[in-house]
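Visitor: what follows is a protein structure lacking sequence information:
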């Protein structure tokens, strides 16, 4: 009888099977990379309430700052107007004093005497016309003198009103700064050193009203980022200015968010080149985020920046850098909430 020898089955070891499976997964999906989904920034109801207060207080602070600047602009214009009025007053006063001195020395003839000394009807009419011109000139001198004095008094009153307005806005800014700090303290927002680089690029300033205040804007411009929504003209300007020097992935509009994103007044700048990663950036891309945060802080007054969040810290207009934690855990445990994978900027 012929014996048939069956071939032995070759069993792969468990480690070998795992290696093969992982290799196949890598071939299909590639190495871990940044995702394009927008980050979920809010980690708790306490943080949500803080962000809501922060949005309101920072916006009102910038509005008050704009009104303060407008008041200062008006005061400068009023000071120029006052100087011009005082010059006219001084000239008209000197003219009247000179005229009075000359009249005193020469002993001016009365109107009747001038008329009686006329030797002919023509001379009589000529003297009458001369007297009328003198009277008109005297009246003009006195009118200019009185008008200049009135303008001086009114302008000084207007300047006093602007000084009061500035005191009011400064008091409002102080109140809003305290409100911001109280909101931040609820989530451990104590003062810290943050990113301030005097050598950061200088942005072109956004448009303001003639008096220095910020114009009201709506979500009227197309969002050029992949978010495919709308942004305000001021947000679009800030985005374009940042993209002159910072080229990583960015997304602005986001529907359904309770803060600035659906209003077109906020953008998230990924610290990773190609999208939002679900991990904290390494040293190279963290440095990118540091520089981007510094850019927005340096140019806050030029671009209308309300606040910047990056790497467990938040910079707020009027308050500076504060500690920020969305989860209350170790910084970086929640990359999106702690903002260790993207820089958030909100624009007035």
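Guide: Cool, got the structure. Predicted model, so just to flag it, every value in this text is computed and none were measured. Numbering: from 1, shown residues only.

Visitor: please count neighbours and contacts with C-alpha atoms only from this point.
Guide: Will do.

Visitor: quick check: residue 319 vs residue 297, distance?
Guide: Remark: distance between residue 319 and residue 297 (CA to CA, to the nearest Å) = 12 Å.

Visitor: which one of these two has more residues nearby?
Guide: residue 297 (28 against 17; other CA atoms under 10 Å).

Visitor: tell me who's in contact with the more buried one.
Guide: 195, 196, 305, 308, 315 (CA atoms under 8 Å, 6 or more residues apart in numbering).

Visitor: can you flag which of these belong to strands?
Guide: 305, 308, 315 (DSSP state E).

Visitor: buried stuff in stretch 280-295?
Guide: By 16 or more other CA atoms under 10 Å, the buried positions in stretch 280-295 come out as 280, 281, 285, 286, 288, 289, 290, 291, 292, 293, 294, 295.

Visitor: which SS class is the second one?
Guide: When the structure is split into helix, strand and coil by DSSP: H, G, I helix; E, B strand; the rest coil, residue 281 lands in coil.

Visitor: dihedrals phi and psi, the spatially closest residue to it that is not a sequence neighbour?
Guide: Take residue 281 and drop its neighbours on the chain: the residue closest to it by CA to CA, 6 or more residues apart in numbering is residue 341, 5.6 Å away. Phi and psi for residue 341, reported as degrees, to the nearest 10, are phi -120, psi 0.

Visitor: quick check: residue 341 touching residue 276?
Guide: Yes. Under the criterion of CA atoms under 8 Å, residue 341 makes contact with residue 276 at 6.6 Å.

Visitor: just put the buried residues of stretch 280-295 in TSV and tack on pLDDT, distance to residue 76 and secondary structure.
Guide: Formatted as TSV, those follow (pLDDT from 0 to 100; distance: CA to CA, whole Å; DSSP: H, G, I helix; E, B strand; the rest coil):
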residue	pLDDT	distance to residue 76	secondary structure
280	92	49	coil
281	93	48	coil
285	95	46	helix
286	94	44	helix
288	96	41	helix
289	95	40	helix
290	94	38	helix
291	93	36	helix
292	96	35	helix
293	94	34	helix
294	93	32	helix
295	95	31	helix
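
Visitor: just these now: which is nearest residue 91?
Guide: Distance to residue 91, by CA to CA, is smallest for residue 295 among those, at 52.3 Å.

Visitor: identify the residue spatially nearest to the closest one, adjacent ones excluded.
Guide: Residue 295's closest residue in space is residue 200 (CA to CA, 6+ apart), at 5.3 Å.

Visitor: tell me the one among the buried residues of stretch 280-295 nearest to residue 151.
Guide: residue 295 (46.0 Å).

Visitor: so who does the closest one touch?
Guide: 197, 200, 201, 202, 242.

Visitor: could you check how far it is from residue 301?
Guide: From residue 295 to residue 301 the distance is 12 Å (CA to CA).

Visitor: ok, the residue found closest to residue 233 once you drop the neighbours it is linked to in the chain - how many residues close by?
Guide: Of all residues not flanking residue 233 in the chain, residue 221 sits nearest, at 6.1 Å (CA to CA, 6+ apart). Using other CA under 10 Å, residue 221 has 15 neighbouring residues.

Visitor: now do the contacts for residue 221.
Guide: 230, 231, 232, 233, 236.

Visitor: rounded mean pLDDT for the one helix or strand residue 84 maps to, please.
Guide: For residue 84, the enclosing helix or strand under DSSP states H and E is helix 45-106. On average, the pLDDT along helix 45-106 is 68.

Visitor: next: stretch 151-160.
Guide: Stretch 151-160 comes out at a mean pLDDT of 76.

Visitor: stretch 325-339 now?
Guide: pLDDT averaged over stretch 325-339 gives 81.

Visitor: endpoint to endpoint, it covers what distance?
Guide: OK, stretch 325-339 end separation, CA to CA: 9 Å.
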